[in-house]
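Colleague: predicted coordinates and the sequence they were generated for:
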Amino acid sequence: MESGKAKGRPPHPRAKANPFSALTFAWTLPIFWSGLKHELEENDLYEPLEEHASGPLGDKFARLWDEEVARAGDKRTPSLLRVILRAYAGKCLLYGFVLLFMECGIRVAQPVFLGMLVEYYSPDQKSVTREEAYWYAGAVVLCSALNVFVIHPYMMAILHMGMKFRVACCSLIYRKSLRLSKTALGETTVGQVVNLLSNDVNRFDVSIIFLHYLWIGPLATVVITYLMWQEIRWAAVVGVAFMLAFIPLQAYLGRRTSVLRLKTALRTDERVRLMNEILSGIQVIKMYTWEKPFADLVAKARKHEIKEIRATSYIRGVLTSFIMFTTRICLFFSILAFVLEYNVISAKQVFVVTSFYNILRQTMTVFFPQGIATVAEAAISIKRLQSFMLYEDTSKPVPGLTDIQTSTKPKAKEPEKSAADILREGFKPEQETKPLNDEHKEKSKGNGNAEAPLESGEEDSTELHNLEEDARSVRLKHATAKWLPDQHENTLTHLSLTIKPGKLIAVIGPVGAGKSSLLHVLLKELPLISGSVHVGGTVSYASQEPWLFAGSVRQNILFGQPMDRPRYNTVVRRCALDRDFALLPFGDKTLVGERGVSLSGGTRRPYTREAEVVAATVTYKRAYIFHKSGQFDAH
């Protein structure tokens, strides 16, 4: 997260490839040539295509999801599937028609031309001339060539679409995870989010390949059955009927796969959650030699997960076994039925029927069952993603405003209280006290230092200054909030507070008084039931529990901000980190793990190195308002 100008990569060659280069994939030759000359490295990578960038894809999905939520309202549950269809249904349908043309046009026509060509070599035939045989042979070659030139660009396009689904959903999950309310954070786990990003979204890459075969497969079966009827009459129906008899079994196994997929995902979530907890407390586990009990817990969780995976693998094996024998048995039954009717079968009929069954083998016994299984798994993934997206958000700021402000009608009007009042009273809103301005005026009168009347220009200047102070102040007015909707008692009740710019305020009180909840209200992580909150200016916040991400100490301090060397040195010195940098092996470039375990031996108490780094992070940010929580807590 350290700011800096990244080294530019060359543009993607596909962006400027001509149609012939795109059709033949000639634009990939330079990268193969580079790999032939030297080992490929990171610098050989291209810039991603604009259509593949996560930013625009995530923006599009986020906008469509917000529209879906607004459209659904309270009438129905927002559907992530509707969002996907609105985003890519048109292009996906276009690719489906391309596949339909290939499966029911090019591939079906090839056995017909092949049959006419074989008929030319029959001993007693006179219907096919030599010139026609050449035309049929050319048609067979042309169909094969068209199949090659259509199927590979189609597969590339459909895989790109699946990748767009995956990238957009990953971006949506990432954005949602940053907006989860405190209540929602208690209902989800890190393992669940990791599983969504690593497993669930990957189903789109596979399911999109077989999606269209769910409707093209039956349609191709009807067309091929009619053409085989022209060759062997009702015997064609015998073989096709035997093949169709397996479809209900395939559908049932597909449904079982989806159920097992959901169970597997839940088991995986549990295992990942357990591993995260073990890694977080690995020092305590090692100190108390608890490796064996925790290893048994992980093994038990993995055993339950493997049980579901094994059942899924058995079903996939059964579905795959249909590929090996279904078409051969169907071909055998069709020819047997035709011969038992005292018909003489010719070489042309055998070649044509065999070619047609080879098409059905790939369409109905390979892609169709795979489509049932993968689409069922994708449906479960969409359901899990949708459930995650429906978690409660923190309230959103009003568009166009830099202030964090919400307002609802208060239940009762009470006098406003200052920060000093709260400091003295410990969150007792029922006691009435005077604001700081009134106290200051009373002190001035008591000292005999009454303020002289101001002239008109000075009054305007003072009024403008007061307006600027109000815009940059922190104000709570009759704020009432609670963490859970079904919670009986409010966390904060009719709380009023005004903090002027330039003030240093400390809020103290017993455990459970609402100190951290007050900060969460100002951060808009705790929604208001009534009242209003106004926070003017940029906020920099340090939580009660020091938090660091995996990276260097410098990256944690900068936290995505540009490097300002004088300011950085000043912040390091003021936060007493200069001596720590001298003791660390690589200074501020020393890598730290999550939670700062390499800075203070895994401890997370205040005033250790990680707390000082967090303080430097908060101080380095150019903000008007600084929030620090729990400097004297019980950690």
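Modeller: Noted; the coordinates are in hand.
Colleague: packing partners for the one helix or strand residue 147 maps to?
Modeller: Using DSSP states H and E, residue 147 maps to helix 130-179. Applying 3 or more C-beta pairs under 8 Å, 6 or more residues apart in numbering; DSSP states H and E, one finds that helix 130-179 contacts helix 19-24, helix 54-72, helix 80-101, helix 107-120, helix 203-210, helix 368-389. Any C-beta I mention is one placed from the backbone N, CA and C, and that applies to glycine too.
Colleague: need the residues that contact the shortest one.
Modeller: When you say that, I think you mean helix 19-24. 14, 26-27, 149, 153 (C-beta atoms under 8 Å, 6 or more residues apart in numbering).
Colleague: before we move on, back to that, give me the next element, helix or strand, following the helix holding residue 147.
Modeller: Following helix 130-179 toward the C-terminus (DSSP H and E): helix 182-187.
Colleague: residue ranges of each domain in the chain, please.
Modeller: In terms of domains, the chain is parsed into 1-43, 48-389, 404-439+468-537, 551-628 (source: automatic domain parsing).
Colleague: and these: which comes nearest residue 543?
Modeller: domain 551-628 (8.0 Å; C-beta to C-beta).
Colleague: where in the chain is pLDDT low?
Modeller: Applying pLDDT under 70 to the chain flags residues 1-7, 394-472, 593-608, 624-635.
Colleague: list the residues that contact the residue nearest the centre of it.
Modeller: Central residue check for the chain by C-alpha atoms, centre = their mean: the C-alpha nearest the mean position is that of residue 170, 2.1 Å away. Counting by C-beta under 8 Å, 6+ apart, residue 170 touches 54, 197, 201.
Colleague: distance check, it against residue 198.
Modeller: Distance of residue 170 to residue 198, computed by C-beta to C-beta, to the nearest Å: 10 Å.
Colleague: now do residue 115
Modeller: Taking C-beta to C-beta, one finds residue 115 at 50 Å from residue 198.
Colleague: tell me which of those two has more neighbours.
Modeller: residue 115 (23 against 12; other C-beta atoms under 10 Å).
Colleague: burial count for the closest residue to the more buried one other than its chain neighbours?
Modeller: Distances taken as C-beta to C-beta, 6 or more residues apart in numbering put residue 352 closest to residue 115, at 3.9 Å, once the chain neighbours are dropped. Per other C-beta under 10 Å, the neighbour tally for residue 352 reads 24.
Colleague: tell me the secondary structure for residue 352?
Modeller: helix (DSSP: H, G, I helix; E, B strand; the rest coil).
Colleague: tell me the phi and psi of the residue of the chain positioned farthest from its centre?
Modeller: Computed with C-alpha atoms, centre = their mean, the residue of the chain farthest from its C-alpha average is residue 124, at 66.4 Å. According to degrees, to the nearest 10, the main-chain angles of residue 124 amount to phi -110, psi 20.
Colleague: then the one 3 residues further on?
Modeller: Backbone torsions of residue 127, given as degrees, to the nearest 10, read phi -80, psi -20.
Colleague: how near is it to residue 526?
Modeller: Taking C-beta to C-beta, one finds residue 127 at 85 Å from residue 526.
Colleague: of the two, who's got more company?
Modeller: residue 526 (25 against 9).
Colleague: so the residue lying closest to the more buried one once chain neighbours are set aside, which of the three states?
Modeller: Excluding its sequence neighbours, the residue lying closest to residue 526 (C-beta to C-beta, 6+ apart) is residue 520, at 4.0 Å. At residue 520 the chain is in helix, as set by three-state DSSP.
Colleague: nearest residue to residue 204 other than its sequence neighbours?
Modeller: Among residues not flanking residue 204 along the chain, residue 165 sits closest, at 3.9 Å (C-beta to C-beta, 6+ apart).
Colleague: residues contacting that neighbour?
Modeller: 84, 88, 201, 204-205, 208.
Colleague: and the residues you listed, which is closest to residue 616?
Modeller: residue 201 (36.0 Å).
Colleague: wait, doesn't the closest one sit right on residue 166?
Modeller: Yes: using C-beta atoms under 8 Å, residue 201 is in contact with residue 166, at 4.6 Å.
Colleague: those two: which is more packed in?
Modeller: residue 201 (24 against 19).
Colleague: how close does that one get to residue 264?
Modeller: The separation that residue 201 has from residue 264, given C-beta to C-beta, amounts to 15 Å.
Colleague: three-state assignment of residue 561?
Modeller: coil.
Colleague: tell me how many other residues crowd it.
Modeller: Using other C-beta under 10 Å: residue 561 sits among 16 other residues.
Colleague: what does it show for phi and psi?
Modeller: Residue 561 adopts backbone torsions of phi -80, psi 150, taken as degrees, to the nearest 10.
Colleague: swap in residue 530?
Modeller: Residue torsions, per degrees, to the nearest 10, at residue 530 are phi -150, psi 170.
Colleague: what does the one 4 residues further on give?
Modeller: For residue 534, the backbone dihedrals (degrees, to the nearest 10) come out as phi -130, psi 120.
Colleague: what's across from it in the sheet?
Modeller: Judged by DSSP bridges, the bridge partners of residue 534 are residue 405, residue 475.
Colleague: wait, it sits on residue 479?
Modeller: No: if you go by C-beta under 8 Å, residue 534 and residue 479 don't touch, sitting 10.4 Å apart.
Colleague: between the two, which has more neighbouring residues?
Modeller: With neighbours defined as other C-beta under 10 Å, residue 534 and residue 479 compare such that residue 479 has more, 27 against 18.
Colleague: so the more buried one: helix, strand or coil?
Modeller: strand.
Colleague: list the contacts of it.
Modeller: Here residue 479 is in contact with 492, 494-497, 521, 528, 530-533 (C-beta under 8 Å, 6+ apart).
Colleague: which residues touch residue 369?
Modeller: Contacts of residue 369 (C-beta under 8 Å, 6+ apart): 250, 253-254, 319, 322.
Colleague: which pair in those residues spans the largest distance?
Modeller: 254 and 322 (12.1 Å).
Colleague: the strands in the stretch 401-550 of the chain, which residues?
Modeller: Using DSSP state E, counting those that start in this stretch, the strands of the stretch 401-550 of the chain run over 404-408, 474-481, 492-499, 528-535, 539-542.
Colleague: quick one: strands adjacent to the shortest one?
Modeller: Partner strands and pairing direction for strand 539-542 (DSSP bridges) are strand 625-628 (parallel).
Colleague: wait, isn't residue 367 in contact with residue 215?
Modeller: No: counting by C-beta under 8 Å, residue 367 stays clear of residue 215, with 11.6 Å between them.
Colleague: hmm, residue 532 is touching residue 478, no?
Modeller: Yes: counting by C-beta under 8 Å, residue 478 is a contact partner of residue 532 at 7.4 Å.
Colleague: of these two, who's got more company?
Modeller: More neighbours surround residue 478 than the other of residue 532 and residue 478, with 22 against 17 (other C-beta under 10 Å).
Colleague: separation between that one and residue 48?
Modeller: For residue 478 relative to residue 48 (C-beta to C-beta), the value is 50 Å.
Colleague: just give the number of residues close to the nearest residue to residue 11 once chain neighbours are set aside.
Modeller: Leaving out its chain neighbours, the residue that sits closest to residue 11 by C-beta to C-beta, 6+ apart is residue 47, at 5.4 Å. The number of residues packed near residue 47 is 13, by other C-beta under 10 Å.
Colleague: so residue 47, which state does it fall into?
Modeller: Per three-state DSSP, residue 47 ends up coil.
Colleague: repeat for residue 76
Modeller: coil.
Colleague: can you pull the contacts of it?
Modeller: Here residue 76 is in contact with no residue (C-beta under 8 Å, 6+ apart).
Colleague: what about it, distance to residue 510?
Modeller: 46 Å.
Colleague: since that was my last question, I'll sign off now.
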